[in-house]
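A.B. asks: 3D model of this:
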Amino acid sequence: MSANTQALAYLVSAVLFIFALKGLTHPRTARRGNFLGMAGMAIAIIATLMGANISSYGFIVAGVAAGAVIGSVVAFRVQMTAMPQLVAALHSFVGMAAVLVALGTFINKRAAGELNGVLMGELSAGIIIGAITFTGSVIAFGKLQGILSGAPVKFNGQHALNAVLGLATLVLGVHFALTGSISSLVLMTLLAFVIGVTLIIPIGGADMPVIVSMLNSYSGWAAAATGFTLHNNLLIIVGALVGFSGAILSYIMCKAMNRSIINVVFGGFGSGDGGGDSGAGLAAQKGVKSAAVEDAVYWMEDANKVIIIPGYGMAVAQAQHSLKEMMQLLEARNVEVKFAVHPVAGRMPGHMNVLLAEADIPYENVLEMDDINPEFPSCDVALVVGANDVVNPAAKTDPSSPIYGMPILEAAKARQVFFLKRSMRPGYSGVDNLLFYQDNCSLVFGDAKDTIEGMVNALKGAGH
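C.D. replies: Okay, here's the model as predicted:
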């Protein structure tokens, strides 16, 4: 394939990737967006393999075959609940690939005597961004998988340490770019790996969806840096698309959470400890009310409007299909049923939307936080299915809470709240939920899927 033909193929791929991102902005067009992205990637791979600079296909075929087998096995076996940690793991692969490509290029170019200042600068950027992406993604994977605690790890002087490490890494990067020093290369790489750890360990559970999005952005910049190193224009374009889209998504999510990106990325930089006694400690003295499945069904079948709030617990229990059946039964009784989705519900952006779409729940029944919050005061029943932090009134009332200031779904304003929980354990952020102790809230304990199926059966029985 000639260079011009390859460039044209890359242009077509880039256009398809742009349309793919456009398609992914709405559930109705997401499937088409995925297909466009897959087509663009197929064209890009074929054009690259047919390029004039490919001299041997042995290692390429072996690598593609091994990756295809591993990727297929993982894709078929992974549960939707594990998708966020899989995404984090894939980000780590991109980061390490950027580091290895940069190191390999340095070794080859140094042996051939073809090093120059521009190339060395590209190698420095690729190694630093890639190394931070790799270790940061590994830590995020560990937190999401439960291997590491989801609680933030903080210590005195943490931000100063990160600043010193960052400055030292940049200085070493510049020195390496100017001199080609092996010592600077090694120290720069090691410090970048360390920064990836120190940046992510202070991130609390409530902010992990934003971090997954930020790591996605980092992986894009790592890919773009690799594109400069390999002189591959498409890799530069794709990396920039991923980098910018990830950064924009992170900004949107931070805005929805009343967080600043700086606050999240640096693990609560500048946040105070709040003041006064914790509202959770006072509320705990009141105890909680529990309810049976029949109690919830009694309220819902006589309701005018029911709002269902899905969370990670729904994903774990795979209860979305049972919720679809329950929605149909309630609608047959002229009950208006809507789903309320918080921007950070679950463990990654769009987690709940994907699960609800999987169950063929109509898109018009699924509303975002800003659209659904005004409807809670007119709602007869708010059914919380495995969500926690995103409905916690502590975000509005408790200045000492780690989630204080985060906009929430205002389920507490509904006439009656039924909270489906397996236990009294707090949410992923580790914060006690003040909604449990409100007079209009009752907890229905048990597996979410079993509980919803019980409600479905009760509704069917009541219909006879």
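
A.B. asks: where does pLDDT dip in the stretch 351-464 of the chain?
C.D. replies: Scanning the stretch 351-464 of the chain for pLDDT under 70 picks out the ranges 425-430, 462-464.

A.B. asks: in it, which spans are strands?
C.D. replies: Under the criterion DSSP state E, counting those that start in this stretch, the stretch 351-464 of the chain contains strands at 366-368, 381-385, 416-421, 441-445.

A.B. asks: enumerate the positions of the shortest one that are buried.
C.D. replies: Within strand 366-368, the residues that qualify as buried are 366-367, counting by 16 or more other C-beta atoms under 10 Å. The C-beta positions use only the backbone N, C-alpha and C, and glycine is treated the same way.

A.B. asks: rewinding a little: pick the most buried one from the strands of the stretch 351-464 of the chain.
C.D. replies: strand 381-385 (a mean of 28; mean count of other C-beta atoms under 10 Å).

A.B. asks: which neighbouring elements make contact with it?
C.D. replies: When contacts are defined as 3 or more C-beta pairs under 8 Å, 6 or more residues apart in numbering; DSSP states H and E, strand 381-385 packs onto helix 293-301, strand 305-310, strand 416-421.

A.B. asks: off-centre distance for it?
C.D. replies: 24 Å (C-alpha atoms, centre = their mean, to the nearest Å).

A.B. asks: one more: stretch 64-83?
C.D. replies: 18 Å.

A.B. asks: now do stretch 352-370
C.D. replies: So, by C-alpha atoms, centre = their mean, the centroid of stretch 352-370 is 17 Å from its chain's centroid.

A.B. asks: quick check: end-to-end length of it?
C.D. replies: End-to-end distance of stretch 352-370: 16 Å, with C-alpha to C-alpha, to the nearest Å as the criterion.

A.B. asks: kindly reformat the strands of the stretch 351-464 of the chain as CSV containing distance to V164.
C.D. replies: Formatted as CSV, the strands of the stretch 351-464 of the chain follow (distance: least, C-beta to C-beta, whole Å):
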stretch, distance to V164
strand 366-368, 41
strand 381-385, 44
strand 416-421, 44
strand 441-445, 47
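
A.B. asks: closest one to V335 among those strands?
C.D. replies: strand 381-385 (9.0 Å; C-beta to C-beta).

A.B. asks: ok, now how distant is the residue most central in space within the chain from G33?
C.D. replies: When C-alpha atoms, centre = their mean is applied to the chain, the residue found nearest the centroid is M348 (2.5 Å). To G33, M348 is 17 Å away according to C-beta to C-beta, to the nearest Å.

A.B. asks: quick one on the thing from earlier: which of the strands of the stretch 351-464 of the chain sits closest to L199?
C.D. replies: Between the strands of the stretch 351-464 of the chain, strand 366-368 lies closest to L199; by C-beta to C-beta that is 29.2 Å.

A.B. asks: quick one: contacts of the helix or strand that contains M38?
C.D. replies: Using DSSP states H and E, M38 sits in helix 27-49. Residues outside helix 27-49 that contact it (C-beta atoms under 8 Å, 6 or more residues apart in numbering): 1, 5-6, 9-10, 12-17, 19-25, 54, 57, 60, 232, 234, 238, 353, 357, 363, 366.

A.B. asks: equivalent analysis for stretch 79-91, please.
C.D. replies: 74, 78, 133, 137-138, 140-141, 144-145, 208-209, 212, 215-216, 218-219, 312, 315-316, 318, 346-348, 351, 354-355, 358.

A.B. asks: returning to what we had before: closest to V153 out of the strands of the stretch 351-464 of the chain?
C.D. replies: Using C-beta to C-beta, the nearest of these to V153 is strand 416-421, at 27.1 Å.

A.B. asks: what pairs with that closest one, and is each one parallel or antiparallel?
C.D. replies: For strand 416-421, the paired strands and their directions (DSSP bridges) are strand 381-385 (parallel), strand 441-445 (parallel).

A.B. asks: what's the closest of those to S245?
C.D. replies: strand 381-385 (29.9 Å).

A.B. asks: angle of that closest one against helix 293-301?
C.D. replies: If you take axes from the mean of the first three to the mean of the last three C-alpha atoms, to 10 degrees, strand 381-385 sits at 130 degrees to helix 293-301.

A.B. asks: let me see the domain layout of the chain.
C.D. replies: 1-77, 88-271, 279-462 (automatic domain parsing).

A.B. asks: how about the CA coordinates for stretch 73-93, as CSV?
C.D. replies: Below are the C-alpha coordinates for stretch 73-93, written out as CSV (Å, rounded to 0.1, in the frame of the first residue of the first chain):
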residue,chain,number,x,y,z
VAL,A,73,-12.2,-14.9,26.8
VAL,A,74,-12.3,-11.8,29.0
ALA,A,75,-15.1,-10.2,27.1
PHE,A,76,-17.3,-13.3,27.3
ARG,A,77,-16.6,-14.0,31.0
VAL,A,78,-16.7,-10.5,32.5
GLN,A,79,-19.8,-9.5,34.3
MET,A,80,-21.3,-6.0,33.9
THR,A,81,-20.5,-5.4,37.5
ALA,A,82,-16.8,-5.9,36.8
MET,A,83,-16.8,-3.6,33.7
PRO,A,84,-15.4,-0.6,35.5
GLN,A,85,-12.4,-2.5,36.8
LEU,A,86,-11.9,-4.0,33.3
VAL,A,87,-11.8,-0.5,31.8
ALA,A,88,-9.2,0.5,34.4
ALA,A,89,-7.1,-2.6,33.6
LEU,A,90,-7.3,-1.8,29.9
HIS,A,91,-6.2,1.8,30.6
SER,A,92,-3.1,0.3,32.4
PHE,A,93,-2.2,-1.7,29.3
